[in-house]
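Chemist: sharing a model prediction with you, sequence too.
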Amino acid sequence: MTENTSTNKINSFQKQKNKDEMKKQVITFVLMIAFTIVAFAIVGTGIMQKMFVIPLLLILALVQVGFQFYYFMHLKDKGHEMPATMIYGGMWAALLTIVTLSVIAWW
Amino acid sequence: MSIAATQKRGFGTVLWDYLTTVDHKKIAHLYLFGGGFFFLLGGLEALFIRIQLITPENDFLSAGLYNEMITMHGTTMIFLAAMPLLLGLMNAVMPLQIGARDVAFPFLNSLGLWLFMFGGILLNLSWFLGGAPDSGWTSYAPLSIQSPGHGVDFYVLGLQIAGAGTLIGGINFLATVVTMRAPGMTYMRMPLFTWATFITSVLILFAFPALTVGLFLLMFDRMFGSAFFDVALGGNTIIWQHLFWIFGHPEVYILILPAFGLFSDIFSTFSRKRLFGYTAMVFATMLIAFLGFMVWAHHMFTVGLGPVANSIFAIATMAIAVPTGIKIFNWLATMWGGSIKINSAMLWSLGFIPTFTIGGMTGVMLGSSVADYQYHDTYFVVAHFHYVIVGGTVFGILAGLHYWWPKMFGRILHEGMGKFTFWVFMIGFHLTFFIQHFLGLMGMPRRYWVFLEDQGLDLGNLISTIGAFLMAIAVIVFLYNVVHTAIKGDKAPADPYDGRTLEWTTASPPAHYNFKQLPLVRGLDPLWIEKTEGKGKMTPAEPLGDIHMPNGSILPFIMSLGFFIAGIGFIFQVDHSAWLIAVYVGMAIAIGCMLIRSLKDDHGHHIHKEELEREAD
Amino acid sequence: MSQDHSLNPETMPAEPEKATLEGKNKFFGLWFFLGGETVLFASLFGTYLALKNSTAGGPTSNDLFGLELVFLMTILLLTSSLTSVYAMYHMKNNEFKKMQLWLGITALLGLGFLACEIYEFAHYITDYGFTFRSSAFGSAFYTLVSFHGGHVIFGLSWLIALMVRNAKRGLNLYNAPKFNTFSLYWHFIDVVWVFIFTVVYLMGKVV
């Protein structure tokens, strides 16, 4: 099976592709670190009101997680439709659970 | 691999074969055996409950024992009987229906099975080790926190282990359907039972983790002094209810969707017609699964979530009636104008439609949050969920067993006895539960161990108990039928019912590699297509070649045993810390097995082409 | 089925982790498992959010948490995510030695994270008397964060077992999927941590 699917060697095209991909991932990483610093900075300095900070923190976290999934874990690539479905399904169930427990567990 | 060869082998060899098997067909046998055993236990518990309620103020069972009975009846039937029996049918049939030689993770399949077995045994050991759990199958905190003794601890650990097994099984089925469909078997050509297996597995995947967490919280509170449900330290018991029902409501769809799937296959086979509205059926299944995740709080209407939350959940609940209605009408339309053949599998399916529809209607009634205050915790609820779970799931399991018995065991169940079983069970079932609607409306609360004389409840309860005994008789006849068939039953041909789907292209029972050559699928109901075009058998999609098969392994059994030992240790370490040794030993065994599995390469084996050529078709 | 032979650049498929059916199964199986894990952690997060103000008179999140240590832990774990990406990059280029090196760095960063976490817990227990049993908030906090920590421990054991087992034989189609599934799992641990530092620590500091 291996023999048919394999290319004769890792050709320069493939290698270049991997390299480009890696470059994107490093950029992603830099952005993630930047987001983290921003998040810690606004909380650490306390320059913002609570009403703004919490949504902002959540947005920063969501974007970071998107980076992890789509770039580090390659969810953007072909052949990831089913994994994406299951992750989104899980996130939907997760969202319902979290909203419920934080909104209607006490009243 | 023929049956004759199997029969010649000694008992020890057969036992070892089953303990180490990773073959989905044998794992199915074990699931059916284990699930069947627990079904009988749960049935026995049900009979004890009904005997206790045969007359007013009966003293057949003590109050405490009655609480243990209802708890164990519910828990056993849901987790240890209905689900394993369904998983057994899925294991037996789904890989055949998609034209696969095995499942994606044969080793994990076996691990899931043994975790279920040991979890079930652990839970039932409680009867002998100081009393069974007694806080209801829902095990609401703070009742479950206050419950003395170890009963609830057995519930927690038993379900944790069995639940892990189910989760593993679900992931395995998902990957199998995604990667292992035969050439040409697109998603929209899969039989409805395969679709149901797939969507059920999705539900398992998203629902069970909530139970896992809930059980952990309960375990920490009971055994390690945490304060999740301890109101004095700021805990909140409603968290348990939410987590339990976030799992619990999808769970009822985990129970019913496979039954929906197999009824679809049966109706289409015995009406000799293509399933009416195939696409609508698939999307209705998805819609039920989707909505099924957003309705759990209808179990909690009387908790006091407030009118807004109650209304949202009430509307979502009633919305499920729409896709379910689509299904009911599609089944009717499938039969309409078909050349219907009625045998025992078909009888169970026909009996299912009115029975389940009644359960669905009471479901809509209960879904109305305002009216629910009246029905809540009465026998009306008991009647409702028995109509859907027995009328849907148990009827489905029995229909599936009669339908696929020849494929699974190579012999056809006796028709006469099959029909007798159906009629007695059907009559017994309606006697038992129809009257309970009215008992509930008259105000009889559930879970009470006695009721008082002359409140209009006497006759209804007597009738209900008589019905329960009729169901017991039906089950005994079915068991006799199984034994009879094993000894004297007719050998089954490959395709006893003039079937439509791929499982009927294999021998009965199939060779352990299922398909010598993978079939080429050219549409929905692939075998039927070939039949209508005059060929009658599948075109192979590949030349005859070596077949790669996984190796058997004893590790899943030992690993599950390790978790079982650790579970016992966790339960009793509260009494004496020496029991912690059992925790360490058990975990060491389990982790050791994981490590062996991880470090030792297992490439499986090949069945060579020459060998395959020697075996006759 | 030449799974047993080491790969060399001549027989290297573009995606060694998905070149065999077993590899593909592992890939999908792990992803689906992560879908389930999402709900598992959501249940824990939900419980934490419901109980985060139930301090029973004990220390609150604002009293306890210090951002410096959490920032360090975050950087360690985020970086370990990148290093495992590097490892997968070298796997695709079939450079086994470099892959092992990057995986080794990943393991060290993971260990560093774990050490910080243990220090943090010890600090809360000894300096504040804040334990698993002191309040519902304590139970929820330790449970959520330890479930994540437990995942880190499991991931590290998995990684070390993989590295040791395959140290001498190089990359092949049998073990490439294993390395790949590990890296997916490791990224997911990082995803969970992103939510933990946001929801537990940062939002716990915002009063």
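Modeler: Here it is on my side, so go on.
Chemist: correct me, but B:L275 touches B:S264?
Modeler: Yes - counting by C-beta atoms under 8 Å, a contact exists between B:L275 and B:S264, whose distance comes to 5.5 Å. C-beta: built from backbone N, CA, C; applies to glycine.
Chemist: tell me how many other residues surround the residue of chain B at minimum distance from chain C.
Modeler: Residue nearest to chain C within chain B: B:G234 (2.6 Å; C-beta to the nearest C-beta). The burial metric for B:G234, expressed as a neighbour count using other C-beta atoms under 10 Å in any protein chain shown, is 23.
Chemist: I figured it hits B:F228, correct?
Modeler: No - between B:G234 and B:F228 no contact is recorded; they are 9.6 Å apart, counting by C-beta under 8 Å.
Chemist: who touches both of the two?
Modeler: C:L51, C:A136 (C-beta atoms under 8 Å, 6 or more residues apart in numbering or on different chains).
Chemist: just give the closest residue to the residue of chain B closest to chain C, not the sequence neighbours.
Modeler: Nearest residue to B:G234, sequence neighbours excluded (C-beta to C-beta, 6 or more residues apart in numbering or on different chains): C:S54, at 2.6 Å.
Chemist: now do the one you found against B:A232, distance only.
Modeler: In this structure, C:S54 and B:A232 are separated by 11 Å, where distance is defined by C-beta to C-beta, to the nearest Å.
Chemist: neighbour count winner among the two?
Modeler: A count of neighbours by other C-beta under 10 Å puts C:S54 above the other of C:S54 and B:A232, at 22 against 9.
Chemist: quick one: contacts for that one?
Modeler: Contacts for C:S54 were tallied using C-beta under 8 Å, 6+ apart; they are B:A227, B:L233, B:G234, B:G235, B:N236, C:S135, C:A136, C:F137, C:A140.
Chemist: for it, give me the pLDDT.
Modeler: C:S54 is assigned 93 on the pLDDT scale.
Chemist: can you verify B:G534 is assigned to a helix?
Modeler: No - per DSSP: H, G, I helix; E, B strand; the rest coil, B:G534 lies outside any helix segment and is coil.
Chemist: where do the contact lists of B:L275 and B:S264 overlap?
Modeler: In the contact map built from C-beta under 8 Å, 6+ apart, the residues linked to both B:L275 and B:S264 are B:L192, B:M281, B:N330, B:T334.
Chemist: hmm, which of the residues you listed are the buried ones?
Modeler: B:L192, B:M281, B:N330, B:T334 (16 or more other C-beta atoms under 10 Å in any protein chain shown).
Chemist: just those that are near chain C?
Modeler: Within the set of those, contact with chain C (C-beta under 8 Å from any C-beta of the partner chain) is found for no member.
Chemist: now those in CSV, with distance to chain A and secondary structure?
Modeler: Output for those, formatted as CSV (distance: C-beta to the nearest C-beta, whole Å; DSSP: H, G, I helix; E, B strand; the rest coil):
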residue, distance to chain A, secondary structure
B:L192, 20, helix
B:M281, 20, helix
B:N330, 25, helix
B:T334, 29, helix
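Chemist: just curious, which of those residues is nearest to A:V103?
Modeler: B:M281 (35.5 Å; C-beta to C-beta).
Chemist: surely the closest one meets B:S264?
Modeler: Yes - applying C-beta under 8 Å as the test, B:M281 and B:S264 come out as touching, 6.1 Å apart.
Chemist: now do the shared contacts for those two.
Modeler: Contacts common to B:M281 and B:S264, judged by C-beta under 8 Å, 6+ apart, are B:L192, B:L275, B:K327, B:N330.
Chemist: what separation do you get for the residue of chain B closest to chain C and C:S134?
Modeler: Separation of B:G234 from C:S134 (C-beta to C-beta): 10 Å.
Chemist: joint contacts of the two?
Modeler: Applying C-beta under 8 Å, 6+ apart, one finds that B:G234 and C:S134 are jointly contacted by B:A227, C:A56.
Chemist: low-confidence stretches in the chain?
Modeler: By default, I'm working from chain A. Counting by pLDDT under 70, chain A contains low-confidence residues at A:1-10.
Chemist: nope, chain B
Modeler: For chain B, counting by pLDDT under 70, the residues that fall below are B:1-8, B:616-617.
Chemist: now the strands for it?
Modeler: For chain B, applying DSSP state E gives strands covering B:411-412, B:490-491, B:547-549, B:605-607.
Chemist: C:K18 is nearest to which of those strands?
Modeler: Checking the strands of chain B against C:K18 by C-beta to C-beta gives strand B:547-549 as the closest, at 17.0 Å.
Chemist: who does that closest one pair with, and is each partner parallel or antiparallel?
Modeler: strand B:605-607 (antiparallel) (DSSP bridges).
Chemist: ok, now which ones touch the most centrally placed residue in chain B?
Modeler: Among the residues of chain B, B:M83 comes closest to the average C-alpha position under C-alpha atoms, centre = their mean, at 1.8 Å. Contacts for B:M83 (C-beta under 8 Å, 6+ apart) come out as B:G35, B:T166, B:I254, B:L255.
Chemist: ok, and the most crowded of the residues you listed?
Modeler: Ranked by neighbour count under the definition other C-beta under 10 Å, the contacts of B:M83 are headed by B:I254 with 28 neighbours.
Chemist: and what about whichever residue of chain C sits closest to chain B, helix, strand or coil?
Modeler: Residue nearest to chain B within chain C: C:S54 (2.6 Å; C-beta to the nearest C-beta). Using three-state DSSP, the three-state assignment for C:S54 comes out as coil.
Chemist: quick check on it: phi, psi?
Modeler: For C:S54, the backbone dihedrals (degrees, to the nearest 10) come out as phi -90, psi 70.
Chemist: residues near residue 103, how many?
Modeler: I'll assume chain A. Taking other C-beta under 10 Å as the neighbour definition, A:V103 ends up with a count of 14.
Chemist: that answer is for a different chain, and I need it for chain B
Modeler: B:V103: 27 surrounding residues under other C-beta under 10 Å.
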